[in-house]
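Colleague: Attaching a predicted model along with its sequence, questions to come.
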Protein chains: 2
Amino acid sequence: MVENRMLLVYNDAIIWVNGILLGRRASVVTLKDIARIAQVSPMTVSRVVNKQYAKVSPQTKERVLKIIKEQGYVPNSSARSLSSKATRLIAIIVQGTDNALEYPYNAAMAGHVCRFIQDKGYSPLLYFVNDYGEVTQRLRAWHVDGAIFMGMFDDDMRNIQEDHTIPLIFTDSYSQLRQVTNIGLNDYRGGELAGHYLLKMGHRNIGFLGASTDLSTIVRQRYIGLRDSLKKESITLNDRCVIFDSLFESPARALMQSAQRPTAIFAASDIEAIRLMDLVRNMGLSVPDDLSVIGFDNLPLSAFTSPRLTTIAQDIRQKALLATEVLFRHILDKSAPAENIILNVKLVERESVIKIL
Amino acid sequence: MVENRMLLVYNDAIIWVNGILLGRRASVVTLKDIARIAQVSPMTVSRVVNKQYAKVSPQTKERVLKIIKEQGYVPNSSARSLSSKATRLIAIIVQGTDNALEYPYNAAMAGHVCRFIQDKGYSPLLYFVNDYGEVTQRLRAWHVDGAIFMGMFDDDMRNIQEDHTIPLIFTDSYSQLRQVTNIGLNDYRGGELAGHYLLKMGHRNIGFLGASTDLSTIVRQRYIGLRDSLKKESITLNDRCVIFDSLFESPARALMQSAQRPTAIFAASDIEAIRLMDLVRNMGLSVPDDLSVIGFDNLPLSAFTSPRLTTIAQDIRQKALLATEVLFRHILDKSAPAENIILNVKLVERESVIKIL
DNA sequence: CTGAAAGCGCTTACAG
DNA sequence: CTGAAAGCGCTTACAG
């Protein structure tokens, strides 16, 4: 019986009790198992696992490495986290009730960020949240090493910041808080670019569509950029041609039937532009002959719409890369200063804006 | 000094050493702290936290609950996992090198699955993987309680299954292994539906486009369904009108210029259908006048293309819900039998297929 | 270069 | 209904 109990202790794969083989279970090899097999202390194995090779003799290192491989040993992340106080877990917090990833921008951004996190040897936890309380719960439970936020958190930002000491990276924020690290876009410049271009193409009666579910600052900035660029040419953006409404279908239809019908509309996102084009088409009108449309984002699919969408392009991959890099800089150096990085945007000219006289 | 040391021990927020205040750190409240404040044992707090209210007196429960709330206590998931052997972590494994979430199907599926996992009180880890080795590493490190796979893992499925004892849910798999749990589609029926419809609309010269990066079985099944449905009407699918190539642009262009040019093409996904429509348009041809196109998936954006895309619809949300439900059924009951669930598809008729004589 | 000891914050299993 | 003890699998901090 002693022998059997020893089997129980020394070989995780086989479970004997009182001389009866109860079963086998998937053997979970631990650091201690490796240490026993290699005839070294757990500490030595730990050093090898953590690549602190300077502290281990070359022979020991090779022997341990070989056994780790043979046994298929994978360190237990929970145990590691508990003792080291670092989880190598990053939370990606996406604002949204229903399926936020159905918006191509969110999907692309989240996808890139996940991949970059993974490439750094960290694991991405993806959360969809609605309110501030959930954020803290999520960040605290797993003691994540950092978090990247997508969406509108400006109102709760102060609370979120105060509740956590880990690095927090926001995207597209216009918060006035000094200590916020943010990766954003020159949304105002995007509006200006759209305005300049539409003017250049001969448009004078211009509209704006900002149908995001959140009436966010980024949408307002894009709007103000457009408005100001027109103003410089002494052209006023007609208020009746401006729609701020997530259910924009009926106001848009009304606008297109009205006397003030614009010759061009700048939509705050490609998705809105595409839906607008569909609506206009359904009214028996043509894009761009009856209405020119310019979008924002330059989603991959915008190159495949009919007509292909002229748009203000942002580089989502670049934004995701920067967000990840800044995050890791802050993880490695807790005293790194807050930074607000503003990426440029540019015009991508395709077919949805026509030149008029 | 004794008093100072006690401060160090009993109040995490303030760090005194030898009478000098070194600093404050974000106080991480532990279960032990709650127990001390509530004057009960850690076990009692643990019971309250885990809602084992039957084992705690009502008064104790209320008192502990109040203190937990006051102190903002959040249990440490790493510690929980380490001792309980359950992490409440689910891995979502998506096959793909670069940004797999730029494919709307993947984004929608991953998004829904994440949300359902979250709703169950679990946390989703999102991983992009290329090869089999990575899978095991990812699943082992965090000791996830289960995993959902998206993409082609048929070849490695046996290995993956053998390496893990946790519930594994595959999607869109055509593996022959009996013990695999899978949520799939009736892809063959989808092909048939497309075939029937095109025949009904008067098409006799029909093509197929399967440009997925993976020449997956789902694409083949959709193809065979189409072929068989035509065969029943004694119509042969012309091999020259079939393209299996992820770089389909130039073969598609050649096909459209050839004598065998089909009047309709069934594309294995909406994304391919949209790209095909763009290509045809660029050749100066019209969809559907010169070529009818039918897709597969019924992505939200397919309702906004021009012309709007006729397609074979699958219910991605339903698929994600089922995958999650089956996963949790298997987590709760380790002996639950493997199941292969096949969801139905249906035709959504829009504008991209024209009736010909 | 190596290792013994203590502890991270919980839960399991048991005793009362 | 309540709690003391042991342990999950690692790492930290220290000693040699």
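Modeller: Structure's in. What do you need?
Colleague: make it CA atoms for all contacts and neighbour counts henceforth
Modeller: OK.
Colleague: residues of stretch A:218-232 that come out buried?
Modeller: Residues of stretch A:218-232 classed as buried by neighbour count (16 or more other CA atoms under 10 Å in any protein chain shown): A:218-230.
Colleague: Determine which two of those are furthest apart.
Modeller: Using CA to CA, the buried residues of stretch A:218-232 reach their maximum pairwise distance at A:I218 and A:L230, which is 18.7 Å.
Colleague: Provide a list of residues in contact with the residue lying closest to A:D270 once chain neighbours are set aside.
Modeller: Spatially, and ignoring its direct neighbours in sequence, A:D270 is nearest to A:G295 (4.6 Å; CA to CA, 6 or more residues apart in numbering or on different chains). Going by CA atoms under 8 Å, 6 or more residues apart in numbering or on different chains, A:G295 touches A:266-273, A:309-312.
Colleague: Same check on A:I34?
Modeller: With CA under 8 Å, 6+ apart, A:I34 has these contacts: A:42, A:45, A:64, A:67-68, A:71, A:73.
Colleague: need those in a markdown table with pLDDT, can you?
Modeller: As requested, those are exported to a markdown table (pLDDT from 0 to 100):
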| residue | pLDDT |
| --- | --- |
| A:P42 | 94 |
| A:V45 | 95 |
| A:V64 | 94 |
| A:I67 | 94 |
| A:I68 | 94 |
| A:Q71 | 92 |
| A:Y73 | 94 |
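Colleague: From the residues you listed, list the ones also adjacent to DNA strand D.
Modeller: By CA under 7 Å from any atom of the strand, the members of the contacts of A:I34 lying near DNA strand D are A:P42.
Colleague: Could you identify the most distant pair in the contacts of A:I34?
Modeller: A:P42 and A:Q71, at 15.3 Å, using CA to CA across the contacts of A:I34.
Colleague: Neighbours of A:I68, how many?
Modeller: Neighbour count for A:I68, taken as other CA atoms under 10 Å in any protein chain shown: 24.
Colleague: Please settle this for me: is it part of a helix?
Modeller: Yes: the assignment for A:I68 (DSSP: H, G, I helix; E, B strand; the rest coil) places it in a helix.
Colleague: Next up, the contacts around it.
Modeller: A:I34.
Colleague: returning to that earlier point: for the residue nearest to A:D270, which residues make a bridge with it?
Modeller: Beta-bridge partners recorded for A:G295 (DSSP bridges): A:T311.
Colleague: confidence score at it?
Modeller: Per-residue confidence at A:G295 stands at 97 (pLDDT).
Colleague: Ok, A:M1 next?
Modeller: 30.
Colleague: go on, A:I15?
Modeller: At A:I15, pLDDT is 39.
Colleague: Could you do the one 5 residues further on as well?
Modeller: The model reports A:I20 with a pLDDT of 36.
Colleague: Kindly provide the distance from the most centrally placed residue in chain A to DNA strand C.
Modeller: Central residue of chain A (CA atoms, centre = their mean): A:A110, 3.5 Å from the mean position. Distance from A:A110 to DNA strand C, counting by CA to the nearest atom of the strand, to the nearest Å: 30 Å.
Colleague: Repeat that for A:T30.
Modeller: According to CA to the nearest atom of the strand, A:T30 stands 13 Å off from DNA strand C.
Colleague: Can you tell me how far A:Q118 is from DNA strand C?
Modeller: Using CA to the nearest atom of the strand, A:Q118 is found at 25 Å from DNA strand C.
Colleague: relative orientation of whatever helix or strand that residue lives in and helix B:104-119 in degrees?
Modeller: Assigned by DSSP states H and E, A:Q118 belongs to helix A:104-119. Helix A:104-119 runs at 70 degrees relative to helix B:104-119, counting by axes from the mean of the first three to the mean of the last three CA atoms, to 10 degrees.
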